[in-house]
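Q: My questions concern the predicted model and sequence given below.
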Number of protein chains: 2
Amino acid sequence: MYSLKEQEAIIARAICNLKFVKEPAGLYEPLEYMMSIGGKRLRPRLCLATYNLYSDNIGDNIISPALALEIFHNFTLLHDDIMDRADTRRGQLTVCKKWNDNVAILSGDVMCILAYKYLAACPAEKQPQVLELFTRMGAEVCEGQQYDMEFETQPIVTGDEYINMIGLKTAALLACSAKMGAVIAGAPADQAQALYDFGWQIGLAFQVSDDYLDTFGDQHIFGKKIGGDILAGKKTWLLVEALKRAGGESRQRLGAIMAMDNGRAGEKIAAMQQMYIELGVKKDAVKTIEDYHEKAMSCISGNGFTPEQLAILREFSESLIHRED
Amino acid sequence: MYSLKEQEAIIARAICNLKFVKEPAGLYEPLEYMMSIGGKRLRPRLCLATYNLYSDNIGDNIISPALALEIFHNFTLLHDDIMDRADTRRGQLTVCKKWNDNVAILSGDVMCILAYKYLAACPAEKQPQVLELFTRMGAEVCEGQQYDMEFETQPIVTGDEYINMIGLKTAALLACSAKMGAVIAGAPADQAQALYDFGWQIGLAFQVSDDYLDTFGDQHIFGKKIGGDILAGKKTWLLVEALKRAGGESRQRLGAIMAMDNGRAGEKIAAMQQMYIELGVKKDAVKTIEDYHEKAMSCISGNGFTPEQLAILREFSESLIHRED
């Protein structure tokens, strides 16, 4: 078995070696750009990690489908950035800003299709199962994005609705990644399913920690301005919880903070951070992330995984919840 | 073998029975809408026709992949309508107009993914070949759309560039449809390839006739206003040819017509129609469509097709070139 660091290097190299450049350049350059501006490569790394639980034989049969997950993820980001009117992504201009919306739509489309091309390099006998897994995930990610957009204009979002949304938008792709590696390696069906459930739970942990870092992270490490979600009024785990907990006077204060003009950005962010602390939301976010991590681990216990396999999966999950970027 | 009329009825029924409605409705309603507002269903009909050359056993194994072609086609139309800022399609409001751009982007995305879901219902042993064929086509369609957009601001488009563009944007999908039916039916490889080439040629014929009908069709039969391409200054087969042929005085007149204000729409359209007639472009468009039809037929001659098979394919191709809508 390779270490997670070694696996990360394998994925990083494979992404470096990706070659999209072909005609028409106007269509393919934005893809190269999008894939080159970084990211944690979490999904292909998870896919490779679960494959490597069963097989050390790492070739195009697994690298290519792992890249399909990253290409698909970047396709969704590309289109999300149009819908969110985002100017920057990972500290760089978004495709819709650097080029324009039409370029972002069409380059995103071809990226979605190319994800299937890379997926198709998996062993032929696994293809029906892999294709079904991937396609179900793809629809779920779109469903999650739709709910996320609908939340913007929805006055009340319950905790269950929020968890359902991030499940579809974020966790489904991590679950798919974890299961896909196992399926391609020929894992027993119950272990592949356990890894799917494991991936789903770490996906939830990942999204809640993403919400947490956007408000309480270290800007230099997190890589984007802290408080962006607060200024956008985004229905994050923190805000959904705060709206549930606040009553009476604190409810009024919360409403007043949300209504504050973004011209007073620093003041607004500080007030909301204070509110989250007072309501115990900050503390409970950390606990919730930890809880999802524990749930993830319980999904894979009792399925006949070896201690060595469990250790790698625990290390992967912990790297997510203790991340700062 | 079923008649083309019978095949058309099978496809029409299958499309009627398509059920996308699920949660969230905001994501899936535009799909239902898009699939319900009609169209000639040419691609699934061609796919079923080539399948039926070899097999009368028509079940989900072929119906579902045939529908994948129509779903994919509608996905591209949905996104094209955003890029072209189109308000109507088939006499109805476009999705981006009836809802908004974000809805059209995301509903289009899920439609592309669902196309793969329907594709996956083909027999497992055919899946690698079908997936590769479909995915290559998908990338080609995006490439064609990119060239089409680039042509808008490109002063000169050569005849070869135009044919390359419509090959990718239109013919690739018809070629894929024709080959896919044959592949799923288990046709000999050389016949499947001949059907691909046949589909490509009828795709070119189809697009040139589309350009022709937009300028010289009967508005009541064609279903949209005549002259739309002229007013949009679109680089159609007719305009590309006219720009090539016009010299001296006629070149100046052509430039003057193109520069005319769209406030004088009727006058502008009539002047351009007259120009196309004078330059022999109208007559040669009809001849070119006929030529592609003949080329299509020559692609399948000498490949061991029976007279009955050839007759059905000829009937299909002729229905395209003699169409009025």
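A: Nice, thanks for sending it over.
Q: which parts of the stretch 51-200 of chain A sit against chain B?
A: A:76, A:79, A:82-83, A:101-102, A:105-106, A:108-110, A:112-114, A:116-117, A:120, A:124, A:127-128, A:131-132, A:135-136, A:138-139, A:142-143, A:145-147, A:149-150 (CB under 8 Å from any CB of the partner chain). Backbone N, C-alpha and C define where each C-beta goes, glycine included.
Q: Now, of the residues you listed, which are buried?
A: With burial judged by 16 or more other CB atoms under 10 Å in any protein chain shown, the buried subset of those is A:76, A:79, A:82-83, A:101-102, A:105-106, A:108-110, A:112-114, A:116-117, A:120, A:127-128, A:131, A:135, A:138-139, A:142-143, A:145-147, A:149-150.
Q: How about residues contacting stretch A:59-69?
A: Contacting residues not belonging to stretch A:59-69 are listed as A:10-11, A:14-15, A:18, A:43-45, A:47-48, A:51, A:55, A:115-119, A:121-123, A:130, A:134, A:173, A:176-177, A:180-181, A:184-185 [CB atoms under 8 Å, 6 or more residues apart in numbering or on different chains].
Q: For it, buried residues please.
A: A:61, A:62, A:63, A:64, A:65, A:66, A:67, A:68, A:69.
Q: From chain B, how far off is the second one?
A: To tie it back to what came earlier, the one meant is residue A:62. For residue A:62, the distance to chain B (CB to the nearest CB, to the nearest Å) stands at 17 Å.
Q: Give the next helix or strand downstream of the helix or strand hosting that residue.
A: Element membership for residue A:62, per DSSP states H and E: helix A:60-83. As assigned by DSSP H and E, the chain's next helix or strand after helix A:60-83 is strand A:88-89.
Q: what's the average pLDDT for that following strand?
A: Across strand A:88-89, the average pLDDT comes to 89.
Q: And the helices in the stretch 201-325 of chain A?
A: Secondary structure of the stretch 201-325 of chain A, counting by DSSP state H, counting those that start in this stretch: helices at A:219-222, A:228-232, A:237-245, A:248-259, A:265-278, A:281-300, A:307-321.
Q: packing partners for the longest one?
A: Right, helix A:281-300. Where contact means 3 or more CB pairs under 8 Å, 6 or more residues apart in numbering or on different chains; DSSP states H and E, helix A:281-300 is packed against helix A:189-216, helix A:237-245, helix A:265-278, helix A:307-321.
Q: Mind doing that once more with 10 Å?
A: helix A:172-185, helix A:189-216, helix A:237-245, helix A:265-278, helix A:307-321 (3 or more CB pairs under 10 Å, 6 or more residues apart in numbering or on different chains; DSSP states H and E).
Q: distance between it and the chain's centre?
A: Remark: helix A:281-300 is offset 16 Å from the chain centroid, using CA atoms, centre = their mean, to the nearest Å.
Q: Output that helix as PDB, restricted to C-alpha atoms.
A: Output of helix A:281-300 as PDB, limited to C-alpha atoms (Å, rounded to 0.1, in the frame of the first residue of the first chain):
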ATOM      1  CA  VAL A 281     -22.900  27.600  17.000                       C
ATOM      2  CA  LYS A 282     -19.100  28.000  16.600                       C
ATOM      3  CA  LYS A 283     -18.400  25.300  19.200                       C
ATOM      4  CA  ASP A 284     -21.100  23.000  17.900                       C
ATOM      5  CA  ALA A 285     -19.800  23.300  14.300                       C
ATOM      6  CA  VAL A 286     -16.500  21.800  15.500                       C
ATOM      7  CA  LYS A 287     -18.300  19.100  17.300                       C
ATOM      8  CA  THR A 288     -20.500  18.300  14.300                       C
ATOM      9  CA  ILE A 289     -17.500  18.000  12.100                       C
ATOM     10  CA  GLU A 290     -16.000  15.600  14.600                       C
ATOM     11  CA  ASP A 291     -19.300  13.700  14.800                       C
ATOM     12  CA  TYR A 292     -19.400  13.200  11.000                       C
ATOM     13  CA  HIS A 293     -15.900  11.900  11.100                       C
ATOM     14  CA  GLU A 294     -16.800   9.400  13.800                       C
ATOM     15  CA  LYS A 295     -19.900   8.400  11.800                       C
ATOM     16  CA  ALA A 296     -17.700   7.900   8.800                       C
ATOM     17  CA  MET A 297     -15.400   5.600  10.800                       C
ATOM     18  CA  SER A 298     -18.400   3.600  12.100                       C
ATOM     19  CA  CYS A 299     -19.600   3.100   8.500                       C
ATOM     20  CA  ILE A 300     -16.500   1.000   7.800                       C
END
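Q: CA atoms only for the helix or strand hosting residue A:162 - export them in CSV, please.
A: Using DSSP H and E, residue A:162 maps to helix A:159-166. C-alpha atoms of helix A:159-166 as CSV (Å, rounded to 0.1, in the frame of the first residue of the first chain):
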residue,chain,number,x,y,z
GLY,A,159,-31.2,21.7,9.5
ASP,A,160,-32.5,18.6,7.7
GLU,A,161,-33.0,20.5,4.4
TYR,A,162,-29.5,21.9,4.8
ILE,A,163,-27.9,18.4,5.3
ASN,A,164,-29.9,17.0,2.4
MET,A,165,-28.6,19.8,0.2
ILE,A,166,-24.9,19.4,1.1
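Q: hmm, who's touching the helix or strand of chain A with the lowest mean pLDDT?
A: Between all helices and strands in chain A, the lowest mean by mean pLDDT, DSSP states H and E belongs to helix A:219-222, at a mean of 79. Residues outside helix A:219-222 that contact it (CB atoms under 10 Å, 6 or more residues apart in numbering or on different chains) are A:210, A:213, A:214, A:216, A:225, A:226, A:227, A:228, A:323, A:324, A:325.
Q: same thing but 8 Å
A: Residues contacting helix A:219-222 (CB under 8 Å, 6+ apart): A:213, A:214, A:225, A:226, A:324, A:325.
Q: Now it: buried residues?
A: For helix A:219-222, the neighbour count (16+ other CB under 10 Å) marks residue A:222 as buried.
Q: Now it - C-alpha only, CSV.
A: Taking Å, rounded to 0.1, in the frame of the first residue of the first chain, the C-alpha atoms of helix A:219-222 are listed here in CSV:
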residue,chain,number,x,y,z
GLN,A,219,-7.4,34.0,5.7
HIS,A,220,-3.8,33.4,4.7
ILE,A,221,-4.1,29.7,4.9
PHE,A,222,-7.8,29.4,3.7
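Q: From the chain's centroid, how far away is that helix?
A: 18 Å.
Q: swap in stretch A:23-31?
A: With CA atoms, centre = their mean, you get 25 Å for stretch A:23-31.
Q: That one and chain B, any residue contact?
A: Yes - legend: contact between stretch A:23-31 and chain B by CB under 8 Å from any CB is shown at A:23, A:24, A:26, A:27.
Q: Strands of the stretch 1-150 of chain A, start to end?
A: A:88-89, A:92-93 (DSSP state E, counting those that start in this stretch).
Q: For the first one, name the packing helices and strands.
A: Right, strand A:88-89. Using 3+ CB pairs under 8 Å, 6+ apart: strand A:88-89 touches no other helix or strand.
Q: who's in contact with that strand?
A: Here strand A:88-89 has contacts from A:37, A:77, A:81, A:94, A:97, A:224, using CB under 8 Å, 6+ apart.
Q: do the last one as well
A: Outside strand A:92-93, the residues that touch it by CB under 8 Å, 6+ apart are A:37, A:87, A:98.
Q: What strands line up against that strand, and which way round?
A: In the sheet containing strand A:92-93, its partner strands are strand A:88-89 (antiparallel), by DSSP bridges.
Q: how about the nearest residue to the most centrally placed residue in chain A, chain neighbours excluded?
A: A centroid search over chain A (CA atoms, centre = their mean) returns residue A:170, at 4.6 Å, as the residue closest to the centre. Closest residue to residue A:170 apart from its sequence neighbours, by CB to CB, 6 or more residues apart in numbering or on different chains: residue A:207 at 4.3 Å.
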